[in-house]
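A.B. asks: Generate a structure from the sequence data that follows.
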Amino acid sequence: MSKNIKSISNPKLRLEVLSAEEVQKIHEATLWIIENVGVRFPSARALEIWEANGAHIDWNRKVVRVKPQVIEEALKKCPPAYTLAARDPQQDCPLDGNHVFLGTDGCGVEVIDIETGQKRTSSLRDVRDIARVADATPEVGFHWVPVSAQDKPAETRGLHEIKTIWENSTKHVQTESIYNIHEARAAMEMAALIAGGKDELRKRPVLSLMQCTASPLGHDGGSLDAALIAAEHGVPTGFMTMASCLTTGPATLAGNLAVGNAEVIAATALLQLAYPGAPVFYAAAQTAADLRSGAYTGGGPEDFLFGAATNALADFYNIPLSMGAFATGAKEPNWQAGLEGALSSFMASVVMSDMLLGYGFLHGSRIWSYAEMMLDCEIFSIVHKMMQGIEVNEETLALETIANVGPGGHFLAQKHTRKHARELFMPEFMDRRPYSEWETKRDDARDWALAKARRILQEHQPDPLDPKVSEEMAKIIETVEREVCVVES
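C.D. replies: Predicted coordinates for the structure are as follows:
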């Protein structure tokens with residue numbers, strides 16, 4: 001099976017959702033928030049770094065207020081481009097502003113079982129199986145840890161998850177499940193085993209970390225400590241805001257962007273103050289709370305606009321972006337899931353977000369579905385084709401062929417047709433059958449998508465990880481579990 005991964009590059013389509021003046025206004029509002037309102041950093045190490053750089057600190061509330069020039073100077077140290085390295089170098093993902101890569105999302109807590117169709121609690125087996133299917137799927141550029149291994153200890157769950165993905169795929173691994181010092185240090189050791197040493201890990205980071213902020217205007221202490229450890233090792237790290245209009249952010253989209261931006265760039269500046277030049281990325285999955293219930297929606301026009309607007313901010317700071325895209329609020333693969341997946345991924349792609357997340361999930365990133373995974377990959381393929389635009393040159397205008405056919409003829413037998421026919425998009429799951437065939441069979445895209453996922457899981461054998469590396473990883477995890485037990489007792 002081909003190891004090529006599909007990415008959007010050299011696009012012909014463009015979109016501007018925010019003008020340069022509007023981006024500047026959001027930036028200035030963000031700096032005002034950080035200086036006058038502050039951001040909460042509940043980490044002793046983070047507060048010490050801020051204090052050393054002249055920030056005003058409310059030690060009781062652990063709220064930091066920082067002058068604009070400190071933030072702006074720190075952000076200038078962010079590298080604008082780098083590569084997410086894969087176990088197989090052919091599958092590296094360059095974050096250079098000219099590629100859009102699709103990744104799984106996380107960290108779901110339930111799975112629609114691929115055989116029974118019943119919803120159940122996720123386990124490490126699911127992490128393994130999803131990794132194997134994703135490994136064989138060219139639309140997937142990299143892994144987020146998709147679901148939580150709830151059958152493993154909470155203190156080392158994130159380590160079991162990344163080990164399992166490395167054992168079942170050669171693509172890059174990104175995790176949002178490493179959020180304490182013990183796990184972070186162990187994760188760096190494990191990544192170094194894959195890369196061939198700590199120095200090689202800095203050159204080829206086969207692991208990256210994503211940490212969620214605590215909107216509004218806050219962070220988690222363990223996540224901050226883990227991010228600082230990753231930055232120390234040259235492992236790319238991003239902070240994701242999920243500020244939601246009405247609840248954890250203002251009702252207005254611009255206000256929500258300003259709150260989320262303050263969370264992300266304050267933490268990003270912290271990493272640069274501690275380790276100048278550390279690879280970082282901007283991450284966002286902002287949404288609007290449901291007006292009826294106040295619940296997280298995971299879809300809707302606000303999400304689509306946030307997808308494009310956040311990229312404008314990431315471009316302003318000249319750092320890569322990881323954008324939540326496919327995480328629909330639908331409960332099953334249906335009209336709503338297709339609509340939200342298509343519009344969100346298109347909006348994020350047309351502005352060239354470096355990383356797209358969310359495929360395979362239902363109910364606001366809570367429930368994993370293999371059928372949804374395959375259908376979302378088809379949506380990405382459609383967007384990939386659209387982004388290529390229309391090439392106009394002597395060959396594509398086909399004047400000689402048109403003359404050969406003339407009025408009333410057909411183009412099927414032409415050499416030009418045979419040469420270019422396979423450039424046209426050919427769907428796997430769109431139903432283009434005659435009505436009579438559909439009426440007889442009454443199956444649909446969900447059936448075909450699930451069948452494909454089952455087939456991959458049965459047939460695909462990922463390139464194995466060196467057993468010695470797996471054994472060393474297991475020892476690292478066992479050591480952490482012993483240490484945690486000693487500390488807790």
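A.B. asks: Show me what the helix or strand hosting Ala474 is packed up against.
C.D. replies: Assigned by DSSP states H and E, Ala474 belongs to helix 467-488. Under the contact criterion of 3 or more Cβ pairs under 8 Å, 6 or more residues apart in numbering; DSSP states H and E, helix 467-488 touches helix 157-168, helix 181-195. Yep, even glycine has a C-beta here, placed from its N, CA and C like the rest.
A.B. asks: Quick one, which of those helices gets closest to Gly307.
C.D. replies: helix 157-168 (25.7 Å; Cβ to Cβ).
A.B. asks: The closest one to helix 467-488, inter-axis angle?
C.D. replies: 180 degrees (axes from the mean of the first three to the mean of the last three Cα atoms, to 10 degrees).
A.B. asks: Residues contacting the next helix-or-strand element following helix 157-168, please?
C.D. replies: Once the chain leaves helix 157-168, the next helix or strand it forms, by DSSP H and E, is strand 172-175. With Cβ atoms under 8 Å, 6 or more residues apart in numbering as the test, strand 172-175 has contacts from 84-86, 91-93, 103, 106, 141-145, 158, 161-162, 165-166, 187, 206-210.
A.B. asks: List the ones among those that fall in strands.
C.D. replies: Leu84, Cys93, Gly103, Gly141, Phe142, His143, Trp144, Leu207, Ser208, Leu209, Met210 (DSSP state E).
A.B. asks: quick one: contacts for the nearest residue to the second one once chain neighbours are set aside?
C.D. replies: What it means is Cys93. Spatial nearest neighbour of Cys93, excluding adjacent residues (Cβ to Cβ, 6 or more residues apart in numbering): Leu84 at 4.2 Å. By Cβ under 8 Å, 6+ apart, the contact list for Leu84 reads Asp92, Cys93, Pro94, Leu95, Phe101, Phe142, His172, Gln174, Pro205, Ser208, Pro236.
A.B. asks: What distance do you get for Leu84 to His420?
C.D. replies: 34 Å (Cβ to Cβ, to the nearest Å).
A.B. asks: what's the burial count for Ser9?
C.D. replies: By the measure other Cβ atoms under 10 Å, the count of residues near Ser9 is 15.
A.B. asks: Same check on Trp448?
C.D. replies: Trp448 has 18 nearby residues by other Cβ under 10 Å.
A.B. asks: Equivalent analysis for Leu291, please.
C.D. replies: 10.
A.B. asks: Check Leu253 too.
C.D. replies: Neighbour tally, Leu253, other Cβ under 10 Å: 17.
A.B. asks: Same check on Leu343?
C.D. replies: Neighbour tally, Leu343, other Cβ under 10 Å: 18.
A.B. asks: Quickly list the domain ranges of this protein.
C.D. replies: If you go by automatic domain parsing, the domain ranges for the chain are 20-74, 79-387, 394-423.
A.B. asks: how about those domains, which one is nearest Arg432?
C.D. replies: domain 79-387 (13.0 Å).
A.B. asks: gap between the two ends of the closest one?
C.D. replies: 26 Å (Cα to Cα, to the nearest Å).
A.B. asks: Return the distance of it from the chain's centre.
C.D. replies: Averaged C-alpha coordinates place domain 79-387 at 3 Å from its chain's average position (Cα atoms, centre = their mean, to the nearest Å).
A.B. asks: Kindly report the same for stretch 35-54.
C.D. replies: On Cα atoms, centre = their mean, the centre of stretch 35-54 falls 27 Å from that of its chain.
A.B. asks: Endpoints of that stretch, how far apart?
C.D. replies: Span of stretch 35-54 from end to end, Cα to Cα: 12 Å.
A.B. asks: three-state assignment of the residue nearest in space to the middle of the chain?
C.D. replies: Centroid-nearest residue in the chain: Leu357, 3.5 Å away (criterion: Cα atoms, centre = their mean). What DSSP: H, G, I helix; E, B strand; the rest coil gives for Leu357 is strand.
A.B. asks: you'd agree it is up against Gly103?
C.D. replies: Yes. Assessed by Cβ atoms under 8 Å, Leu357 is found in contact with Gly103 at 5.4 Å.
A.B. asks: Which neighbours do those two have in common?
C.D. replies: Looking at what touches both Leu357 and Gly103 (by Cβ under 8 Å, 6+ apart), the common residues are Trp144, Ser322.
A.B. asks: Can you show me the CA trace of stretch 352-359 as PDB?
C.D. replies: Provided in PDB are the C-alpha atoms of stretch 352-359 (Å, rounded to 0.1, in the frame of the first residue of the first chain):
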ATOM      1  CA  MET A 352      -4.200  27.400   4.400                       C
ATOM      2  CA  SER A 353      -4.400  26.300   8.000                       C
ATOM      3  CA  ASP A 354      -1.400  24.000   8.500                       C
ATOM      4  CA  MET A 355      -3.200  21.300  10.400                       C
ATOM      5  CA  LEU A 356      -6.900  20.300  10.300                       C
ATOM      6  CA  LEU A 357      -8.400  18.300  13.200                       C
ATOM      7  CA  GLY A 358     -11.700  16.700  14.000                       C
ATOM      8  CA  TYR A 359     -12.300  14.000  11.400                       C
END
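A.B. asks: and Pro205, what are its phi and psi?
C.D. replies: phi -70, psi 110 (degrees, to the nearest 10).
A.B. asks: Please apply the same query to Asp220.
C.D. replies: phi -90, psi 130.
A.B. asks: Just list the residues touching Ile379, thanks.
C.D. replies: Each residue near Ile379 by Cβ under 8 Å, 6+ apart is listed here: Phe326, Gly338, Gly341, Ala342, Ser345, Tyr359.
A.B. asks: Redo those as JSON lines? Include secondary structure, neighbour count and pLDDT.
C.D. replies: Below are the contacts of Ile379 laid out as JSON lines (DSSP: H, G, I helix; E, B strand; the rest coil; neighbours: other Cβ atoms under 10 Å; pLDDT from 0 to 100):
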{"residue": "Phe326", "secondary structure": "coil", "neighbour count": "31", "pLDDT": "85"}
{"residue": "Gly338", "secondary structure": "helix", "neighbour count": "18", "pLDDT": "95"}
{"residue": "Gly341", "secondary structure": "helix", "neighbour count": "28", "pLDDT": "94"}
{"residue": "Ala342", "secondary structure": "helix", "neighbour count": "19", "pLDDT": "94"}
{"residue": "Ser345", "secondary structure": "helix", "neighbour count": "29", "pLDDT": "94"}
{"residue": "Tyr359", "secondary structure": "strand", "neighbour count": "29", "pLDDT": "92"}
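A.B. asks: All the strands of the stretch 351-489 of the chain, in order from the start?
C.D. replies: Per DSSP state E, counting those that start in this stretch, the stretch 351-489 of the chain carries strands over the ranges 355-359, 361-362, 367-368.
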